[in-house]
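Asker: coords please:
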Amino acid sequence: MRKKHDSIKKYEKAWVVSMDMGYGHQRAAYPLRDFAEGGDIICADNYKGMPASDRETWKQQRDFYNKVSRAKKLPIIGDIVFGVFDKFQEIKPFYPKRNLSRPSLQGIGTYAMIKNKKWGKDLIDKLAKKPIPIITTFFVLAYMAEEHGYPGSIYLTVTDADISRAWAPIQPSQSGIRYLAPTNRAYERLQMYGIRKENIHMTGFPLPCENTGSDKLSVLRKDLGRRIIALDPKKQFMSRYSDVLEKNIGKTNLRKRKPDKPLTIMFAVGGAGAQREIGVEIIKSVRQHIQDGLMRVILVAGTHRDVRDYFKESINKLNIDDKTGDCVDILYSSNKDEYFEKFNNALHATDILWTKPSELSFYCALGIPIIMSEPIGSQEKFNRKWLISIGAGIDQEDVRHSNEWIVDWLESGRLAEAAMQGFLEAPKHGTYNIREIVTKQKEKT
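Answerer: Here you go, the predicted structure:
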């Protein structure tokens, strides 16, 4: 009998499947679009020919998510409602290390819907006609593929630094789903949940190729060099770590160069439009710096027209007269793909990213310091913990006085150091690693 051995089967393309709930899952899928079959990312909750029953189920899930996310800002009752919801997706303490493979109520309920309602079967049957690998960024879609008998390989891209039990199937040791982990902590957590080690790949989060340049990170290094100049006006960081800068950016004489534009702060609201008020408070606080041409603020409304309108109305009331005429911008698009494109393009000129610790936490790897607003939900608390542990994220101070503490952090070199820590410590090659693993897939023959 011929001995079994591992062989490599090469795939030029894969099905890339996401869903429209917040930004996290689609933002993780967007960098993978170049090797998506047909050139498009499939939206599992909005594709041509979807059965009415599936469309209604997805709508119920999406509406519930948005209502709960927005309810948090309601006095008293909001915290109670969100607290109950968050309990179902709670991430247990990592220590002591132990077996956490017992399925969660959330997971059991999800599997019941997939089995009893045949939820997702129509999509999986369509994809099965060409059984190339599936890459999905949402665990429910991976469960659908496995439960409905998809004949090809199933890959699940994890979108947080640490994850709840819901990310693992109810029978993890019997599952063939292959995980693409963004951090070592997520890699270890999956093993606690009972996922076999051989089914977990440590890849890093998929970052947009237009912001890295290639696996050599040419664009990223160029952007980082310019950003360090803006973040370290008194050369405090450059003086202390000149050897680190030279090694990672090259001999660019950063200490002799001056910023070529105003310091640019990008504030991004969440997928449910949460925390929009912070963006307006930032503008109020740094208003004089804006008018003096020293700062620029980009308010990211995403695909939310109501958030865009809120920003517009609020800015108009402030009657800001800046010297350049474009130091307060609103980034908005009605289409998510177009929004991601605009967002990634704006990152080239961004010096500070201010956001809650969502999936954007991983963008610290681009050498952008993260100022963190209050985390919403268990997974964001763990993202915050990860950012702090690698030195790439800093909690916001009182937003009303951001005109003072941001300047202090600039003059001390603290923000420049956070930018460099993100670049050095966070995985940067996630997109390339995922493509390598999926397109050159090991198979038993």
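
Asker: now the helices for the stretch 1-150 of the chain?
Answerer: Per DSSP state H, counting those that start in this stretch, the stretch 1-150 of the chain carries helices over the ranges 24-29, 52-71, 77-88, 105-116, 121-127, 139-147.

Asker: Out of these, flag the one nearest Ala426.
Answerer: helix 24-29 (14.7 Å; C-beta to C-beta). C-betas here are computed from N, CA, C, even on glycine.

Asker: For that closest one, which helices and strands make contact with it?
Answerer: Where contact means 3 or more C-beta pairs under 8 Å, 6 or more residues apart in numbering; DSSP states H and E, helix 24-29 is packed against strand 15-18, helix 336-347.

Asker: do that again at 6 Å, thanks
Answerer: Counting contacts by 3 or more C-beta pairs under 6 Å, 6 or more residues apart in numbering; DSSP states H and E, helix 24-29 is packed against strand 15-18.

Asker: What is the strand it packs on packed up against?
Answerer: The helices and strands touching strand 15-18, judged by 3+ C-beta pairs under 6 Å, 6+ apart, are helix 24-29, strand 134-136.

Asker: Kindly compare burial across these and name the winner.
Answerer: strand 134-136 (a mean of 28; mean count of other C-beta atoms under 10 Å).

Asker: what about the nearest residue to Ala166 once chain neighbours are set aside, how many neighbours?
Answerer: Nearest residue to Ala166, sequence neighbours excluded (C-beta to C-beta, 6 or more residues apart in numbering): Gln106, at 4.7 Å. Gln106: 15 surrounding residues under other C-beta atoms under 10 Å.

Asker: Select, out of the helices of the stretch 1-150 of the chain, the one closest to Lys261.
Answerer: Per C-beta to C-beta, nearest to Lys261 of these: helix 24-29, 25.8 Å.

Asker: And the contacts of that closest one?
Answerer: Residues outside helix 24-29 that contact it (C-beta atoms under 6 Å, 6 or more residues apart in numbering): Val16, Ser18, Met19, Ile41, Thr137, Phe138, Thr157, Thr159, Pro206, Lys336, Glu359.

Asker: could you dump the residues you listed to a markdown table with distance to Pro93?
Answerer: Output for the contacts of helix 24-29, formatted as a markdown table (distance: C-beta to C-beta, whole Å):
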| residue | distance to Pro93 |
| --- | --- |
| Val16 | 34 |
| Ser18 | 30 |
| Met19 | 29 |
| Ile41 | 35 |
| Thr137 | 26 |
| Phe138 | 25 |
| Thr157 | 25 |
| Thr159 | 21 |
| Pro206 | 28 |
| Lys336 | 35 |
| Glu359 | 22 |
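
Asker: Narrow these to those that are buried.
Answerer: For the contacts of helix 24-29, a burial check counting by 16 or more other C-beta atoms under 10 Å picks out Val16, Ser18, Met19, Ile41, Thr137, Phe138, Thr157, Thr159, Pro206, Lys336, Glu359.

Asker: Tell me the pLDDT of Gly270.
Answerer: Looking at Gly270, its pLDDT stands at 78.

Asker: Give me the three-state assignment for it.
Answerer: Following DSSP: H, G, I helix; E, B strand; the rest coil, we place Gly270 in the coil state.
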